[in-house]
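S.K.: sequence unknown, structure follows:
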């Protein structure tokens, strides 16, 4: 077994089409795991194994694999770049120790680059930056590095500069060793040789090396000593200084190359081993005791009690897999496992080391290992696995709420029997996919992060589970809110000849700052309502808010104060007070001033300059507010805030306006008031 210090758990993360999967394929080829290179454009990649991924040429689900490089064991997770699948990135970053952030040499930092960078910041993950596509026309290494500094607020440290550019890209200039790396074109980049730095690049290399040493001197006493005395640090000191600064996330080493042209991958693997952390380099894992809530710390040692985190569920032809990261102790198929999050006992029937959708059986998983577990019946995403004798609960993962919905119904009666089960399975796998039954229409409503997200879900239902379904037009997740304060009362009085029903409440409803459901405050005077009925009043308020008071959408941003009411010694009941509270809330909706809120998206469009005017005109027609403009080479970057309801089908329109040359990304930003005229159309109220 490889020592813990020789393990690396890394993710490859980037904006869509920056080259993540191509880099991962080259890593597998040069490390000897694969004997041929898969290509995204040919649909032959190992990591994009789903049919939907190969058809679209994008990564949809994160794929895990393992390779070896110079006596190091590297667990690699290739993550999606499309914002619809940002939850995949979130849960993978939660369990990784380091990451390689890939940037396009032409575009530099793009919209989703910022999103995944912020996610990595949240988990304090050390990163290496790889500037890819340096063979492309318009590639500009210095500009890409500048965009990392300016747009991400990072401190990039160039460890390389490109040797040549565009069609003339030959390799890299290594600033640590001050030598040129040149790739042999007839070996698919598998072999390279070292040369002296050519004269025309020597001055530039010296300049960037001095800059590298100056930055590192701020984080390494050893290099600072050399810097102050104007001495050249040796290679060993430089590598140690870079590693120290990278592990503390103070700097981001920058490398470059072209994965498609098989250029720069071996030095990237060297940098992963040299600079990114092993399980013993990260702080001990911390959690809380489920009963005492005492904070607990676990070191990455097999002698410690078992601590593992289930970070992803996936169903395939062999059954349900639970991807798990082990932090301490030993996970085996013998004995029982305690799910501290759900207080359930589980048993692992099998452990698998994953290679995309292929697998290798293993007997045990040790600290730093990432394995797929078969046989866990109750475990969900984010649950902590441990022993009952030494329980611990690790920090939960947080996922964004879905913003788009569709009605779905089975095509045939045979499909009806399976639809509910399949949707439940998909919901269990994907924390950003939700389903519910509309109590008024009886329709099954599915919600997700975008049109592509729901489209892929539907295709998976048909392909993997053979369930046919029809979907209705996308529905926006509107919300309702109060604009002013109103005081109301609600009564529920029902006589049936025997014991009756009596409930009476008085409420004040007013705006609040919370984006969640109602904030309820109890100001009931002693004797007005018995204390045992207050929870029922609260339940009635919440039920009324969840079903909507204006147009059937959940009510948020409100505070409800229970002022008082009355009761009957014989006829009052929990059901009566729930009904009275619900009637009071309905009356508040009728008497108070209410409004609709709609989800607003943060949109970034990258478009050639000649199409910019048409794109801005179209965005304005979609009620968008253009908030910023930028440049990236000959491309223009338009930043805007736009209502989600106006962005359905936008990708088709954008392709038409730009002859297929523009791209866009969007992510949820906030909720805002719907204009009155638009609100009338949505609610059907005059």
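M.R.: Looks like it arrived, so ask away. Being a predicted model, the structure only gives us computed values, none of them experimental. Numbers count the residues shown, from 1 in each chain.

S.K.: can we go C-alpha only for contacts and neighbour counts from here?
M.R.: OK.

S.K.: can you pull the contacts of the nearest residue to residue 429 once chain neighbours are set aside?
M.R.: If the residues on either side of it in the chain are set aside, residue 429 comes closest to residue 313, at 4.8 Å by Cα to Cα, 6 or more residues apart in numbering. Residues in contact with residue 313, defined by Cα atoms under 8 Å, 6 or more residues apart in numbering, are 320, 321, 322, 323, 380, 381, 428, 429, 430.

S.K.: any idea how far the one helix or strand residue 313 maps to is from the chain center?
M.R.: Counting by DSSP states H and E, the element that carries residue 313 is strand 307-316. Taking the mean of its C-alpha atoms, strand 307-316 sits 15 Å from the chain's own mean (Cα atoms, centre = their mean, to the nearest Å).

S.K.: Please name the strands paired to it in the sheet, noting orientation.
M.R.: Within its sheet, and counting by DSSP bridges, strand 307-316 is paired with strand 319-328 (antiparallel), strand 384-386 (antiparallel).

S.K.: Of these, flag the one that's most buried.
M.R.: Most buried of these, by mean neighbour count (mean count of other Cα atoms under 10 Å): strand 384-386, with a mean of 28.

S.K.: Quick check: what element follows that one along the chain?
M.R.: Stepping forward along the backbone from strand 384-386, the first helix or strand reached (DSSP H and E) is strand 393-394.

S.K.: Just the mean pLDDT for that next one, thanks.
M.R.: Average pLDDT, strand 393-394: 94.

S.K.: What are the contacting residues of that strand?
M.R.: Where contact means Cα under 8 Å, 6+ apart, the residues beyond strand 393-394 that reach it are 286, 287, 288, 289, 290, 309, 340, 341, 383, 384.

S.K.: what are the pairing partners of that strand, and which direction each?
M.R.: Paired neighbours of strand 393-394 in the sheet (DSSP bridges): strand 285-288 (antiparallel).

S.K.: How far away from the center of its chain is the strand it pairs with?
M.R.: From the chain centre to the centre of strand 285-288 is a distance of 22 Å (Cα atoms, centre = their mean).

S.K.: Could you pull up the mean pLDDT of the helix or strand just after it?
M.R.: Scanning forward in sequence from strand 285-288, with DSSP H and E defining helices and strands, the next element found is strand 295-298. The predicted model assigns strand 295-298 a mean pLDDT of 94.

S.K.: picking up where we left off before, look up which residues are beta-bridged to the residue nearest to residue 429.
M.R.: According to DSSP bridges, the residues that bridge with residue 313 are residue 322.

S.K.: Now do residue 488 against residue 582, distance only.
M.R.: Distance from residue 488 to residue 582, counting by Cα to Cα, to the nearest Å: 11 Å.

S.K.: and those two? which has more neighbours close in?
M.R.: In terms of neighbours (other Cα atoms under 10 Å), residue 582 is the more surrounded of residue 488 and residue 582; the figures are 26 against 20.

S.K.: And what about the more buried one, helix, strand or coil?
M.R.: At residue 582 the chain is in helix, as set by DSSP: H, G, I helix; E, B strand; the rest coil.

S.K.: buried sites along the helix or strand containing residue 653?
M.R.: Taking DSSP H and E as the definition, residue 653 sits inside helix 650-658. Of the residues in helix 650-658, those buried by neighbour count under the rule 16 or more other Cα atoms under 10 Å are 654, 657, 658.

S.K.: Going by contacts, tell me the helices and strands next to it.
M.R.: Applying 3 or more Cα pairs under 8 Å, 6 or more residues apart in numbering; DSSP states H and E, one finds that helix 650-658 makes contact with helix 612-621, strand 663-673.

S.K.: want to try CSV for these, with mean pLDDT as columns?
M.R.: CSV is the format used below for the helices and strands packed on helix 650-658 (pLDDT from 0 to 100):
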stretch, mean pLDDT
helix 612-621, 95
strand 663-673, 84
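
S.K.: hey, where'd the strands end up in the stretch 301-450 of the chain?
M.R.: Counting by DSSP state E, counting those that start in this stretch, residue ranges of the strands within the stretch 301-450 of the chain are 307-316, 319-328, 331-332, 337-339, 344-346, 350-355, 358-362, 364-365, 370-374, 384-386, 393-394, 404-410, 434-437, 444-448.

S.K.: quick one: which of those is nearest residue 647?
M.R.: Proximity of the strands of the stretch 301-450 of the chain to residue 647 was assessed by Cα to Cα; the nearest stretch is strand 404-410, lying at 10.9 Å.

S.K.: List the buried residues of that closest one.
M.R.: Under the neighbour-count criterion of 16+ other Cα under 10 Å, strand 404-410 has 404, 405, 406, 407, 408, 409, 410 buried.

S.K.: What of stretch 117-136?
M.R.: Residues of stretch 117-136 classed as buried under the neighbour-count rule (16+ other Cα under 10 Å) are 117, 119-120, 124-136.

S.K.: Identify the residue with the minimum pLDDT among these.
M.R.: For these, the model is least confident at residue 119; its pLDDT is 84.

S.K.: starting at the chain centroid, how far to the helix or strand harbouring it?
M.R.: When elements are assigned from DSSP H and E, residue 119 belongs to helix 111-122. Here the centre of helix 111-122 is set off from its chain's centre by 9 Å, with Cα atoms, centre = their mean.

S.K.: Next secondary structure element downstream of that helix?
M.R.: Next along from helix 111-122, by DSSP H and E: strand 127-132.

S.K.: immediately after that following strand, which helix or strand?
M.R.: Next in sequence after strand 127-132, counting helices and strands by DSSP H and E, comes helix 141-152.

S.K.: So which elements touch that next one?
M.R.: Under the contact criterion of 3+ Cα pairs under 8 Å, 6+ apart, the helices and strands touching helix 141-152 comprise helix 111-122, strand 156-158.

S.K.: The first one packs against which elements?
M.R.: What that stands for is helix 111-122. If you count contacts as 3+ Cα pairs under 8 Å, 6+ apart, helix 111-122 packs onto strand 7-14, helix 86-93, strand 98-104, helix 141-152.

S.K.: Go through these and name the closest to residue 182.
M.R.: Of all these, it is helix 141-152 that lies closest to residue 182, at 17.6 Å by Cα to Cα.

S.K.: Just the closest of the contacts of strand 393-394 to residue 65, please.
M.R.: Distance to residue 65, by Cα to Cα, is smallest for residue 309 among the contacts of strand 393-394, at 17.9 Å.

S.K.: picking that back up, nearest to residue 327, of the helices and strands packed on helix 141-152?
M.R.: helix 111-122 (18.7 Å).

S.K.: That closest one to strand 7-14, inter-axis angle?
M.R.: For helix 111-122 and strand 7-14, the angle between their directions (axes from the mean of the first three to the mean of the last three Cα atoms, to 10 degrees) works out to 150 degrees.

S.K.: Could you check the pLDDT of residue 140?
M.R.: The per-residue pLDDT reported for residue 140 equals 93.

S.K.: same deal with residue 166?
M.R.: So residue 166 comes in at 85 (pLDDT).

S.K.: what's the burial count for it?
M.R.: 17.

S.K.: Let the chain start at 726 from now.
M.R.: Renumbered: residue one is now 726, and that last one reads residue 891.

S.K.: leaving aside the residues next to it on the chain, what's closest to it?
M.R.: Nearest residue to residue 891, sequence neighbours excluded (Cα to Cα, 6+ apart): residue 860, at 3.7 Å.

S.K.: quick one: residue 1210 and residue 992, what's the gap?
M.R.: As defined by Cα to Cα, residue 1210 lies at a distance of 64 Å from residue 992.

S.K.: for residue 908, same thing?
M.R.: Remark: distance between residue 908 and residue 992 (Cα to Cα) = 11 Å.
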